[in-house]
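Trainee: Give me a 3D structure for the following:
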Amino acid sequence: MVGVCHFSVTGNTKKVAKSIKKATGGKLYRITPKVPYTDADISYEVDDCRANKEQRSSTARPKIKGKVKNIDQYDVIFVGYPIWWAKGKVN
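Mentor: Sure thing, here's the model as predicted:
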């Protein structure tokens, strides 16, 4: 069984995860941060925005809600996550 986990702030990673799900027949799981990201959090032009602070810290790991149930049932797990500083959306 295939698991497709994604952590998407702007929707780009979610689109890619859905494509992988479709190609593999996998089960989609959304990784949700306990404290949601806002537009201000990803305003890269602002030096102290949340995304910039997290990029500069090698120990920054946002807390997440929930967890994958029965993770041992998966043979393969794809994990998608945000890559900061990418402007625009995937078409």
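
Trainee: quick one: contacts for C49?
Mentor: By C-beta atoms under 8 Å, 6 or more residues apart in numbering, C49 lies in contact with 40-43. In short, each C-beta sits where N, CA and C put it, glycine included.

Trainee: can you pull the contacts of the nearest residue to R30 once chain neighbours are set aside?
Mentor: Spatial nearest neighbour of R30, chain neighbours left out: H6 (6.2 Å); criterion: C-beta to C-beta, 6 or more residues apart in numbering. The contact partners of H6, by C-beta under 8 Å, 6+ apart, come to 13-14, 16-17, 28-31, 79-81.

Trainee: which one among those gets closest to D72?
Mentor: Within the contacts of H6, proximity to D72 (C-beta to C-beta) peaks at Y29, which comes in at 14.3 Å.

Trainee: Give me the number of neighbouring residues for that closest one.
Mentor: Counted by other C-beta atoms under 10 Å, the residues lying close to Y29 total 21.

Trainee: And for F7?
Mentor: Counted with other C-beta under 10 Å, F7 comes out at 19.

Trainee: now swap in the one 5 residues further on and tell me
Mentor: When neighbours are defined as other C-beta under 10 Å, N12 has 17 of them.
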